[in-house]
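**Student:** after the sequence you'll find the predicted model.
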Amino acid sequence: MTAVHNRKWLAGLLLGVAVLAGCGAPKVPDTVEQTSLIIDKEGGITSHMVDAFDKAHYDINELREMANAEVAAYNTANQTGADALVTMEKVESLQGSKVLVTYKYLNSKVYEAYNNSALFYGTVAEAKAAGYNFDSLNQVLFNAKGDGSMVSGELSESKMADRHVVLLEEKTLVYCPAKVAYASESAVLKEDGSVDTTAMLPEEFPVIIVLDK
């Protein structure tokens, strides 16, 4: 298989995963059971992808080799500094005929480029500088405390400019490096501090998660 075909095969195999999203000094689980996206304070991204691996012709070693080859090819073509852009951490079998594939990305820009899926982590001001127009997103953000208060329109205010924000377009569970202050109306804040976007409809994306200072 070519690298492109390998990429498509791997993407197809792991399509439809549920993402683990949550922010608010969240408690990241020791054991990964769902697809999850973890953002650290420096902006690094860890992606745990969990999906069914129940076909007779699936081979865990082949999947591992393909993932490693794809990462190596991407880094060779795009890396300019000393730090690897993408690292394939592990590929392992889980109970229930499932597979876990874990990647680490240098930052959200690398994640976007590698997966062709929108992801931003930075301040509101940085998001606007990157071309995100919060007014055009026309979303109502609810207070994560659950008191029903809203922040619609306030993202354009100067007082929100230094708040960190996560923007993504995936059905996922997200763990953020700080407590969640506000989140998109259809996102669900879990008890462990993660934000669950798995029930959101395509027209409700991108998910907006605003973090506490």
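**Tutor:** Here it is on my side, so go on. Numbers count the residues shown, from 1 in each chain.
**Student:** how far does stretch 41-58 sit from its chain's centre?
**Tutor:** 11 Å (Cα atoms, centre = their mean, to the nearest Å).
**Student:** and the end-to-end length of that stretch?
**Tutor:** Using Cα to Cα, to the nearest Å, the end-to-end distance of stretch 41-58 comes to 36 Å.
**Student:** got it, and stretch 181-197?
**Tutor:** Comparing the first residue of stretch 181-197 with its last one, the separation is 16 Å (Cα to Cα).
**Student:** now the farthest one out in this structure, which residue is it?
**Tutor:** Ala56 (29.9 Å; Cα atoms, centre = their mean).
**Student:** and it, what's its pLDDT?
**Tutor:** According to the prediction, Ala56 has pLDDT 81.
**Student:** do Met200 as well
**Tutor:** The score at Met200 is 82. That number is its pLDDT.
**Student:** likewise for Val140?
**Tutor:** Per the predicted model, pLDDT is 67 at Val140.
**Student:** same question for Gly16.
**Tutor:** Spelled out, the predicted local distance difference test score at Gly16 is 30.
**Student:** let me know the secondary structure of Ile208.
**Tutor:** strand (DSSP: H, G, I helix; E, B strand; the rest coil).
**Student:** what is it paired to in the beta sheet?
**Tutor:** In this entry, Ile208 is beta-bridged to Leu167, by DSSP bridges.
**Student:** return the distance of it relative to Leu63.
**Tutor:** 34 Å (Cβ to Cβ, to the nearest Å). For glycine as for every other residue, the C-beta is placed from the backbone atoms N, C-alpha and C.
**Student:** with only the CA atoms kept, save the longest helix that the chain contains in CSV.
**Tutor:** Ordering each helix of the chain by length in residues (DSSP state H) puts helix 60-78 first. These are the backbone C-alpha positions of helix 60-78, laid out as CSV (Å, rounded to 0.1, in the frame of the first residue of the first chain):
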residue,chain,number,x,y,z
ILE,A,60,-2.5,-5.6,15.2
ASN,A,61,1.1,-5.7,14.1
GLU,A,62,0.2,-4.5,10.6
LEU,A,63,-1.8,-1.7,12.1
ARG,A,64,1.2,-0.7,14.3
GLU,A,65,3.6,-0.8,11.4
MET,A,66,1.3,1.3,9.2
ALA,A,67,0.8,3.9,11.9
ASN,A,68,4.5,4.1,12.5
ALA,A,69,5.3,4.4,8.8
GLU,A,70,2.7,7.1,8.4
VAL,A,71,4.0,9.2,11.3
ALA,A,72,7.6,8.8,10.1
ALA,A,73,6.7,10.0,6.6
TYR,A,74,4.8,13.0,7.9
ASN,A,75,7.6,14.1,10.2
THR,A,76,10.2,13.7,7.4
ALA,A,77,8.2,15.8,5.1
ASN,A,78,7.2,18.5,7.5
